[in-house]
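>>> Sequence first, then the predicted structure, then my questions.
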Amino acid sequence: MENRSGKHAKVKNLKIAGKTGTAQLFDHGEKRNLAWCTCFAPADDPEIAITVMLQEKSQYDRSWGGTIAAPITKK
């Protein structure tokens, strides 16, 4: 989770492995994003796993996994 969009889930002194992503769906004729981040830590000997998935309220929100779900995962 140190490079690209995963860097937003980075926690100091903790090695995290995971994946961010964005999927599209149609809700009442509007295209919306599902933003997600899944990770586990410590990467070498996992003790915890988490997935955060969010659906945009409207087609104008423009949510992506790395920018909206990864920071929530970090918290």
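Okay, I see it.
>>> those strands in this protein, which residues are they?
Secondary structure of the chain (DSSP state E): strands located at 17-27, 30-41, 48-55.
>>> nearest to residue 63, of these?
strand 30-41 (4.2 Å; C-beta to C-beta). C-beta here means a position set from N, CA and C on the backbone, and glycine is covered the same way.
>>> for the closest one, which positions count as buried?
32-41 (16 or more other C-beta atoms under 10 Å).
>>> and the strands of the chain as TSV, adding mean pLDDT and distance to residue 11?
Shown next, in TSV, are those (pLDDT from 0 to 100; distance: least, C-beta to C-beta, whole Å):
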stretch	mean pLDDT	distance to residue 11
strand 17-27	88	11
strand 30-41	89	7
strand 48-55	92	11
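>>> Just put the ones you listed in CSV and tack on distance to residue 63.
Shown next, in CSV, are these (distance: least, C-beta to C-beta, whole Å):
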stretch, distance to residue 63
strand 17-27, 7
strand 30-41, 4
strand 48-55, 6
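>>> closest to residue 68 out of the ones you listed?
strand 30-41 (4.7 Å).
>>> Give the pairing partners of the closest one; include direction for each.
Within its sheet, strand 30-41 is paired with strand 17-27 (antiparallel), strand 48-55 (antiparallel), according to DSSP bridges.
>>> mind saving the C-alpha coords of the longest one as CSV?
Which is strand 17-27. Extracted in CSV, the C-alpha atoms of strand 17-27 (Å, rounded to 0.1, in the frame of the first residue of the first chain):
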residue,chain,number,x,y,z
ALA,A,17,-1.0,-5.1,1.9
GLY,A,18,-4.1,-4.4,0.0
LYS,A,19,-5.9,-3.2,-3.1
THR,A,20,-8.1,-0.2,-4.0
GLY,A,21,-10.6,-0.1,-6.8
THR,A,22,-13.6,1.5,-8.4
ALA,A,23,-16.5,-0.2,-10.0
GLN,A,24,-19.4,1.3,-11.9
LEU,A,25,-23.1,0.6,-11.5
PHE,A,26,-26.3,2.0,-12.9
ASP,A,27,-28.8,3.3,-10.3
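>>> Check which residues of it are buried.
Per 16+ other C-beta under 10 Å, strand 17-27 contains these buried residues: 17-18, 20, 22.
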